[in-house]
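Just need the structure, nothing else, for what follows:
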Amino acid sequence: MKDNSAIMNGAIAIIYRETPRGRLYLVTHNVFSGNHTFPGGASASGEEMRDTIKRELQEEINLQPADEQIEELPLTNSFVFSIQGSARYKQPAKYNVFLIKTEVEEIRPNTQQVSHAYWLPYEQAREMVKHEILKINLDWVERKLNK
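Numbering: from 1, shown residues only. Next comes the predicted model:
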């Protein structure tokens, strides 16, 4: 049995765009977990968090934000993987949260990782994401952007 006691580091991105009908957030449907979530994933050994999020966005949704579009937030999510049967089951994790503003309308997910990607208003995005910590992250971002 694999030792899953080491903390896995990673990053997630809350991505948004401003439209004539208001601010929209990107919510993805993760193939592995079956959950609606924000894009992101685990860091490779020795990888910087900014590089992690850039790589994960390219891998999951074919998005390549410029460095100036990526803002690391003072938020960290600590959790334990809970997908039974996963190699990461019961492994503790710590993910940094990034905020990215984009003008991209059409998201092209890598369907091996993300089955769907949706641009949604805040209320719908909050309702769709499964995990409470992601709802808290989204609430924080919405307050920040409304200041």
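
so what's N62 up against?
I107, R108, P109, N110 (C-beta atoms under 8 Å, 6 or more residues apart in numbering). Any C-beta I mention is one placed from the backbone N, CA and C, and that applies to glycine too.

Distance-wise, check the nearest residue to the second one once chain neighbours are set aside relative to T111.
Nearest non-adjacent residue to R108, counting by C-beta to C-beta, 6 or more residues apart in numbering: N62, 4.6 Å away. Per C-beta to C-beta, to the nearest Å, N62 is found 11 Å from T111.

Could you do V80 as well?
Computed as C-beta to C-beta, the V80 to T111 distance reads 28 Å.

and what of S45?
Taking C-beta to C-beta as the measure, S45 falls 27 Å from T111.

Between these two, which has more neighbouring residues?
Between S45 and T111, counting by other C-beta atoms under 10 Å, T111 is the more crowded of the two (9 against 5).

hang on, the earlier thing: which one of the contacts of N62 is nearest A117?
Of all these, I107 has the smallest distance to A117: 4.1 Å, by C-beta to C-beta.

Just want the phi and psi numbers for that closest one.
When read as degrees, to the nearest 10, the backbone of I107 gives phi -100, psi 130.

what about it, neighbour count?
Here the number of neighbours of I107 (other C-beta under 10 Å) works out to 19.

Kindly report the same for F98.
27.

And it, its phi and psi?
Torsion angles at F98 (phi, psi; degrees, to the nearest 10) stand at phi -120, psi 150.
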